[in-house]
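Asker: structural data only, the sequence is not supplied:
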């Protein structure tokens, strides 16, 4: 999942008049538009979660783990390219246009995969780049809509609350993926059905996005300072590194989990994602008031610690039930890290430049996935060639890396 399965209610649901001091049940935020967006986000996330089986598609076409990492990693180039346009596009064209255009592109790209026949030709790379580009536009536009109108604690809260719909999608999507690809042999008909269902769900999300934003006012035209000046003045600093680390952490469940469990004769990932999504859902609800009561920084520490632990808990997995523990800790990490890191970074920019701030944070997350996919793929193959346990070596290395980043951030944050 490029980015993770997150989004927020659009501007029309929480406009400039929304009261920052309102309670969690304030209808200015949690009204009809919120629930339309909630359903659309759930449908979109189910479609994205079906793509966790993308490795099966690449392997069916004759690729290897290295090809999987290379193709998915190359796709993040499209996501990062979208970020260059996205900040300007949202602030000047409006979140609604970027949201709807990205959703249409998402559906078209999924359908185009029906005609791909090779894992080595340019077509699959181009489509993956277009896929990541559409996802980047979809989430960036939705997140910007709400972060313009709320202060840091409420922004993190609403991102967290609506993100629960994404966790429902992350539970349902892999179960559908198991239905299509959780058996041997996987046929082209199974893979085509997977893409068709994902495209249908994307269409549901498109309808919801249209309904949720139809009353959104056009953006105000104003003179825009140079981007370099804005980034220099308002950049969020080391929190960008945390977004990169979060992106690397998402690589394992979203890309390499099916190939990892295959060595134990396991083919279903549904149990992992049920634990992941169920825990994340409960953790998100339980911590949605933490930004205003505990603070953002403690949430970041908790998220990094649970991410490192989740990597180590993959080591003893030998059965379906063994996937529960890494799923639980990975879910807690996602539930806590995403809203805290995204809100902290994006709200360092003033409201009129919040599109650029949100774009910068999501670009950092994409950079983590761009680095992480080929890095993990190469680590697995290198460890195998060196005679080391390929995935065990990879998990320990990632856990140590995340721990070191957390220590460095803690020391820097104190200063």
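Answerer: Cool, got the structure. Model, not experiment: these values are computed from the prediction. Numbers count the residues shown, from 1 in each chain.
Asker: poorly predicted segments of the stretch 151-300 of the chain, please.
Answerer: 151-156, 158-159, 217-227 (pLDDT under 70).
Asker: buried residues, the lengthiest helix in the chain. List them.
Answerer: Ranked by residue count under DSSP state H, the longest helix found in the chain is helix 354-385. Neighbour-count burial for helix 354-385 flags 354-377, 379-380, 383 (criterion: 16 or more other Cβ atoms under 10 Å). For every residue, glycine as well, the C-beta is placed using N, CA and C.
Asker: repeat that for stretch 238-250.
Answerer: Residues of stretch 238-250 classed as buried by neighbour count (16+ other Cβ under 10 Å): 239, 240, 241, 242, 243, 244, 245, 246, 247, 248, 249, 250.
Asker: got it, and stretch 107-120?
Answerer: For stretch 107-120, the neighbour count (16+ other Cβ under 10 Å) marks 107, 109, 110, 112, 113, 116, 119 as buried.
Asker: how about the helices in the stretch 101-250 of the chain?
Answerer: Under the criterion DSSP state H, counting those that start in this stretch, the stretch 101-250 of the chain contains helices at 122-147, 152-181, 188-213, 227-234, 239-251.
Asker: any chance of these in TSV, with distance to residue 260 too?
Answerer: Below are these laid out as TSV (distance: least, Cβ to Cβ, whole Å):
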stretch	distance to residue 260
helix 122-147	21
helix 152-181	14
helix 188-213	20
helix 227-234	38
helix 239-251	11
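Asker: which one of these lies nearest to residue 273?
Answerer: helix 152-181 (3.9 Å; Cβ to Cβ).
Asker: quick one: that closest one to helix 122-147, angle?
Answerer: Put simply, helix 152-181 runs at 150 degrees to helix 122-147, going by axes from the mean of the first three to the mean of the last three Cα atoms, to 10 degrees.
Asker: quick one, helix 152-181 and helix 188-213 angle?
Answerer: Comparing the axes of helix 152-181 and helix 188-213 via the same axes, to 10 degrees yields an angle of 150 degrees.
Asker: so how far is helix 152-181 off the chain centroid?
Answerer: Put simply, helix 152-181 sits 9 Å off its chain's centre (Cα atoms, centre = their mean, to the nearest Å).
Asker: for it, packing partners?
Answerer: helix 32-50, helix 122-147, helix 188-213, helix 270-286, helix 290-293, helix 324-346 (3 or more Cβ pairs under 8 Å, 6 or more residues apart in numbering; DSSP states H and E).
Asker: hang on, the earlier thing: chain center to the longest helix of the chain, what's the gap?
Answerer: The answer for helix 354-385 is 11 Å, by Cα atoms, centre = their mean.
Asker: again, but for stretch 273-287
Answerer: 15 Å.
Asker: do the same with stretch 336-346
Answerer: Centre-to-centre, stretch 336-346 and its host chain are 12 Å apart (Cα atoms, centre = their mean).
Asker: again with stretch 38-50
Answerer: That offset, for stretch 38-50, works out to 12 Å (Cα atoms, centre = their mean).
Asker: next one: stretch 116-135
Answerer: Distance, stretch centre to chain centre, for stretch 116-135: 19 Å (Cα atoms, centre = their mean).
Asker: what's the angle between the helix or strand residue 96 falls within and helix 32-50?
Answerer: Assigned by DSSP states H and E, residue 96 belongs to helix 95-112. Relative orientation of helix 95-112 and helix 32-50, computed by the same axes, to 10 degrees: 30 degrees.
Asker: show me what helix 95-112 is packed up against.
Answerer: Looks like helix 95-112 contacts helix 32-50, helix 65-93, helix 122-147, helix 188-213 (3+ Cβ pairs under 8 Å, 6+ apart).
Asker: quick check: angle from the longest helix of the chain to helix 65-93?
Answerer: Using the same axes, to 10 degrees: helix 354-385 against helix 65-93 is 180 degrees.
Asker: tell me what helix 354-385 is packed against?
Answerer: helix 65-93, helix 122-147, helix 227-234, helix 239-251, helix 324-346, helix 390-414.
Asker: now do 7 Å
Answerer: On a contact count with 3 or more Cβ pairs under 7 Å, 6 or more residues apart in numbering; DSSP states H and E, helix 354-385 meets helix 65-93, helix 122-147, helix 239-251, helix 324-346, helix 390-414.
Asker: so which bits of the last one are buried?
Answerer: Looking back up the chat, that one is helix 390-414. 390, 391, 393, 394, 395, 398, 399, 402, 403, 405, 406, 409.
Asker: that one vs helix 65-93, what angle?
Answerer: Using the same axes, to 10 degrees: helix 390-414 against helix 65-93 is 30 degrees.
Asker: then the second one?
Answerer: Calculated by the same axes, to 10 degrees, helix 122-147 forms an angle of 40 degrees with helix 65-93.
Asker: which other helices and strands does helix 122-147 contact?
Answerer: Against helix 122-147 (3+ Cβ pairs under 7 Å, 6+ apart) you get helix 65-93, helix 95-112, helix 152-181, helix 354-385.
Asker: okay, the ones you listed in a markdown table with distance to residue 342 next?
Answerer: Formatted as a markdown table, those follow (distance: least, Cβ to Cβ, whole Å):
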| stretch | distance to residue 342 |
| --- | --- |
| helix 65-93 | 14 |
| helix 95-112 | 16 |
| helix 152-181 | 6 |
| helix 354-385 | 5 |
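Asker: so which of those is nearest residue 319?
Answerer: Using Cβ to Cβ, those put helix 152-181 closest to residue 319, at 15.6 Å.
Asker: contacting residues for residue 319?
Answerer: Not one residue lies near residue 319 by Cβ atoms under 7 Å, 6 or more residues apart in numbering.
Asker: what of the one 10 residues further on?
Answerer: For residue 329, the contacting residues are 306, 309, 310, 313, by Cβ under 7 Å, 6+ apart.
Asker: who's in contact with the third one?
Answerer: Applying Cβ under 7 Å, 6+ apart to residue 310 gives the contacts 326, 329, 330, 333.
Asker: so for it, what's the pLDDT?
Answerer: Residue 310 is assigned a predicted lDDT (pLDDT) of 95.
Asker: secondary structure class of it, three-state.
Answerer: helix (DSSP: H, G, I helix; E, B strand; the rest coil).
Asker: number of residues surrounding residue 386?
Answerer: Residue 386: 9 surrounding residues under other Cβ atoms under 10 Å.
Asker: next one: phi and psi at it?
Answerer: phi -80, psi 0 (degrees, to the nearest 10).
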